[in-house]
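A.B. asks: Give me the fold of what follows.
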Amino acid sequence: LQNILDELSIAFTCIWGLLSFALVFQTNVCYDRWWEARSAWGKIISATLHCGQQGKSWIADDELSSRFLIMNIVFAYACKALLRGNSLNSEEEEGPSLVLSGLIQQEELNFIHNISGWQPYYCIDVMRGITNEAWSHQSDGCILKIPSVYAPAYISMEKSFRDLATSIELCIKVKATGLPISYNRFMRTVILFSLAGVSLSWSSTLKWGTPIVVCIVFFVT
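C.D. replies: Take a look at the predicted model:
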């Protein structure tokens, strides 16, 4: 029996060597996904700041400019709620606080909650509508009335809206695409069988300490 246990110990030592490489690979993949998500959220911050600067500088009407900036703020909070799987009006999110601060009305928050699409897209649509309304009512002496100026400004603003949309799409992609399910199932199966075999091979040396060591290894892996 001792010889059999020794042979099992050698075999499972080789298996654990392969598992260690698999775990390192999985750890690297998880770190890469974390870094990609961090970079994607950084793009949201950069895009919202740039879009807010454009709205403040290019919209002359103070009321429309203020409304534009408010929707820019709501967009960031709506993105956070979406990534957490919540609605903006959830008690866990900042929607109720935005209402209390007077940035948006409760009716609008309810409307955002009831829309069928992604809630951040509502904010982008509102900002696009504000921009079109503001620029269509510019005075004749405004520089944006000059076609050679209006076209590049319009394209630049649309690019900012596109950056907002693609940044949240990138975050959703990172959240939705993890390791393949088949890979996770394979790893769990191999680890369970390996721990079962290791329990037998270690029992001759660890004695009653075998269950404790196996539980620690299972928790770590």
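
A.B. asks: which non-adjacent residue is nearest Y154?
C.D. replies: Leaving aside its sequence neighbours, Y154 sits nearest to W135 (CB to CB, 6 or more residues apart in numbering; 7.5 Å). Where C-beta positions appear, they are placed from N, C-alpha and C, glycine not excepted.

A.B. asks: Toward the C-terminus, what is the element adjacent to the longest helix anywhere in the chain?
C.D. replies: As assigned by DSSP state H, the longest helix anywhere in the chain is helix 2-58. Next helix or strand after helix 2-58 toward the C-terminus (DSSP states H and E): helix 62-83.

A.B. asks: tell me which strands and helices that following helix is in contact with?
C.D. replies: helix 2-58, helix 95-100, helix 119-136, helix 147-176 (3 or more CB pairs under 8 Å, 6 or more residues apart in numbering; DSSP states H and E).

A.B. asks: so which of those gets nearest F193?
C.D. replies: F193 lies closest to helix 2-58 among these, at 8.6 Å (CB to CB).

A.B. asks: starting at the chain centroid, how far to that closest one?
C.D. replies: 14 Å (CA atoms, centre = their mean, to the nearest Å).

A.B. asks: So for it, mean pLDDT?
C.D. replies: Mean pLDDT, computed over helix 2-58, is 79.

A.B. asks: so where's the protein uncertain?
C.D. replies: 1-18, 138-150, 194-211, 213-214, 216-221 (pLDDT under 70).

A.B. asks: From the centroid of it, which residue is nearest?
C.D. replies: C171 (3.7 Å; CA atoms, centre = their mean).

A.B. asks: follow-up on the earlier one: could you dump the helices and strands packed on helix 62-83 into TSV with distance to I112 added?
C.D. replies: Output for the helices and strands packed on helix 62-83, formatted as TSV (distance: least, CB to CB, whole Å):
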stretch	distance to I112
helix 2-58	17
helix 95-100	8
helix 119-136	5
helix 147-176	15
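
A.B. asks: and among the ones you listed, the most buried is which?
C.D. replies: Across those, averaging neighbours per residue (mean count of other CB atoms under 10 Å) puts helix 119-136 on top, at a mean of 19.

A.B. asks: Can you check what angle separates that helix from helix 2-58?
C.D. replies: 20 degrees (axes from the mean of the first three to the mean of the last three CA atoms, to 10 degrees).

A.B. asks: Next, the angle helix 147-176 makes with helix 119-136.
C.D. replies: 180 degrees.

A.B. asks: From the contact counts, what lies against the helix or strand encompassing H113?
C.D. replies: Secondary structure from DSSP H and E places H113 in helix 106-114. Contact here means 3+ CB pairs under 8 Å, 6+ apart; on that basis helix 106-114 packs against helix 95-100, helix 119-136.

A.B. asks: Understood, closing this out.
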